[in-house]
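In: Pasting the sequence and the predicted model now:
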Amino acid sequence: MFKKIGIAATVGILVIFVALIATAQKPGESLYSYSRLSMEIAFQISSRYVDEVESKELIYSGIRGMLDILDPFSEFLERKDYDRLQETTKGKYSGLGMTIMLKNDFVTVVAPMEGTPAYRMGLRAGDKIVKIDGEPAQGMTTRDASNKMRGEAGTTVALTIEREGVDEPLEYTIERAVIEIKTVPFYTTFEKNGKKLGYVRLARFGEEATSELEEAFSEILLEDVDGLIFDLRSNGGGLLDQAVKVANYFLPKGSDVTSTKGRTEDQERTLYANAEPMIPPDIPVVVMVNGMSASASEIVAGAIQDWDRGIIIGSPTFGKGLVQQVYPLSDDVALKLTTAKWYIPSGRCIQKDSRSTRHPEDLEIAETDSVDVEEEKEVFFTKGGRIVYGGGGVVPDIEIEDKVLNALELNLERLSMFFDFSVKYTTEHPDLVEDFKITPELLKQFKLYLEEKDFTYKTALENELDKMKETIDEMEKTDQYAAIIEELEKQIEIDKELQFDKSIDHIKKSMKRDILTKLYGEKAVYRQNVIKTDRYIDKAVEILASPKEYSSVLQPEG
């Protein structure tokens, strides 16, 4: 479908694009004259610049320059970008079905997806890909490796794998297939605090969102649950029509879900729930969100909050409330352009001002002095009369502060220590049961593993001490302060030893996460880690187990 285009076609695209914008300009603003200036500069560069500049690169750079003054979500899409966009909405691609990462200059398998060719052929977490179709993979980026492993369903790709515990490289010839990315990776029912509850995780608003949710909700409702937990954390959004349908599972027929407002009349519209809700109104609902819940997630969470249909818990959402439309410009390129803003039923705009520009550092920040920031926010009301505030995003009814990793935790994750240990440990213990415990002995083995790998990190205090030592050296007073520095270094080491114990909950959870993923897959992590130990879940259960507390949250003040 896509074809290469020359300078004439590229210039034609730019002229058409500029002409389209010109129709929306105010009288007296001669965009046409500026477009002529732009083309004159392009011509002069093309014909007179000291080095030859490819015409396509020159014009494409100009287009990207225009988009640079717009919001971050307006994009100029070339073929590969458009294909990736289609994948995220359709949830399908042809390939092997595994997540990968770059580890020590080699592409490494993080986890094969259940039911895919990679999974069926026995690829494992921790497998190092050393060759792809005979080509050495060392130094490849994950994008390069992904492109080589993807291809038409039915074709094959040869992989050479190195695996811990196996002396010789393993050779695989794997047939590619159509991989479907699950929008609902997990759902279940469980009992806690004397209540039987349903849990559903929605990871993205792809084309299959409502069909997969319908299956999940149907099975959960058969078990006569006392409440439902709907997990939208880190869900970056997706298709609008899916967002409206998902909201309709909770809201009565005829309820407004969201509206858009733009510069032109065709961008003014309101979308409504057009069917009776699937979740009965007498089943209490808790929706979990965080700072990475965006776009369609915010529409659903905001509609449920504004209609007082459920309680939102977590941290304030991302604040991505801009509507994009994709305009194909040729067989090779397309323009994804923001044309309107989203509003939820109370009248609040989802979009945060800081998300509306590619350069938020240039925004002027008003001085608040001693004025309460909350007083400056525009006040809105839910259908039941509760006060909610504008300013972008959805502020939960009950806020849970996101955990911030300390230096130890951050570096254990950053350097893949949990992942690496899980590969080694599961090789030695392949028969570990799913509900295993992180025992003191297992923690001891992990600490010994860190020592073997010479794991080290610097705390914030160490970084400050390094700066102090540099200053002392510059002042030529090293000997004078040597004793003090030595004492500080000893204290830092003591603090670092204590930090392991302070971080023990995170360490246990992360160790279990990666061991479970290696042996049993992603669903086991949900069963053993999320449902049993997640503090968001614990708070949701606390609310759903107390009808009085649930009702009080939904009551207007006064």
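Out: On my side now, so go ahead.

In: Can you mark which positions in stretch 524-540 are buried?
Out: Residues of stretch 524-540 classed as buried under the neighbour-count rule (16 or more other Cβ atoms under 10 Å) are 524-531, 534, 536-537, 539-540. C-beta: built from backbone N, CA, C; applies to glycine.

In: Among those, name the ones in helices.
Out: Residues of the buried residues of stretch 524-540 located in helices (DSSP state H): Ala524, Val525, Ile531, Tyr536, Ile537, Lys539, Ala540.

In: farthest-separated two in those?
Out: Put simply, by Cβ to Cβ the two of these set farthest apart are Ala524 and Lys539, 23.1 Å from each other.

In: quick one: low-confidence ranges for the chain?
Out: Along the chain, the parts satisfying pLDDT under 70 run over 1-29, 80-91, 114-115, 354-376, 558.

In: Can you dump the C-alpha atoms of the strand ranked longest in it in CSV for me?
Out: Determined from DSSP state E, the single longest strand within the chain is strand 333-343. Extracted in CSV, the C-alpha atoms of strand 333-343 (Å, rounded to 0.1, in the frame of the first residue of the first chain):
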residue,chain,number,x,y,z
VAL,A,333,2.2,9.3,5.4
ALA,A,334,-0.6,10.5,7.6
LEU,A,335,-1.3,13.3,10.0
LYS,A,336,-2.6,12.6,13.5
LEU,A,337,-4.0,16.0,14.6
THR,A,338,-5.6,17.2,17.8
THR,A,339,-9.0,18.6,16.9
ALA,A,340,-11.0,18.9,20.2
LYS,A,341,-10.9,18.4,24.0
TRP,A,342,-12.7,15.8,26.1
TYR,A,343,-15.2,16.8,28.8
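
In: Remind me what it packs against, helices and strands.
Out: strand 75-78, helix 79-90, strand 256-262, strand 322-328 (3 or more Cβ pairs under 8 Å, 6 or more residues apart in numbering; DSSP states H and E).

In: Does Leu159 touch Glu135 like I think?
Out: No: at 10.8 Å, Leu159 does not count as touching Glu135 under the criterion of Cβ atoms under 8 Å.

In: Give me the more crowded residue out of the two.
Out: The neighbour comparison of Leu159 against Glu135 (other Cβ atoms under 10 Å) goes to Leu159, with 25 against 11.

In: The more buried one: which element?
Out: Taking DSSP states H and E as the criterion, Leu159 maps to strand 156-162.

In: now that strand, how far from the chain's geometric center?
Out: 29 Å (Cα atoms, centre = their mean, to the nearest Å).

In: And the helices in the stretch 451-558 of the chain?
Out: Along the stretch 451-558 of the chain, counting by DSSP state H, counting those that start in this stretch, helices occupy 460-474, 478-502, 504-520, 522-525, 531-533, 535-544, 547-553.

In: and Trp307, which of the ones you listed is closest to it?
Out: Among the helices of the stretch 451-558 of the chain, the nearest to Trp307 by Cβ to Cβ is helix 547-553 (14.2 Å).

In: Now do the buried residues in that closest one.
Out: Neighbour counts over helix 547-553 (16+ other Cβ under 10 Å) mark Tyr550, Val553 as buried.

In: Among the buried residues of stretch 524-540, which one sits closest to Lys182?
Out: Using Cβ to Cβ, the buried residues of stretch 524-540 come closest to Lys182 at Tyr526, 12.1 Å.

In: Tell me who's in contact with the closest one.
Out: Pro185, Phe186, Thr188, Arg201 (Cβ atoms under 8 Å, 6 or more residues apart in numbering).

In: mind running it again at 6 Å?
Out: Phe186 (Cβ atoms under 6 Å, 6 or more residues apart in numbering).

In: Could you pull out the strands in the stretch 151-300 of the chain for me?
Out: Ranges of strands within the stretch 151-300 of the chain are 156-162, 170-175, 177-180, 186-192, 195-201, 227-231, 256-262, 269-272, 285-289, based on DSSP state E, counting those that start in this stretch.

In: How about the second one, which residues are buried there?
Out: So the one you mean is strand 170-175. For strand 170-175, burial by neighbour count (16+ other Cβ under 10 Å) applies to Tyr172, Ile174.

In: cool, the last one as well?
Out: Of the residues in strand 285-289, Val285, Val286, Val287, Met288, Val289 count as buried by neighbour count, 16+ other Cβ under 10 Å.
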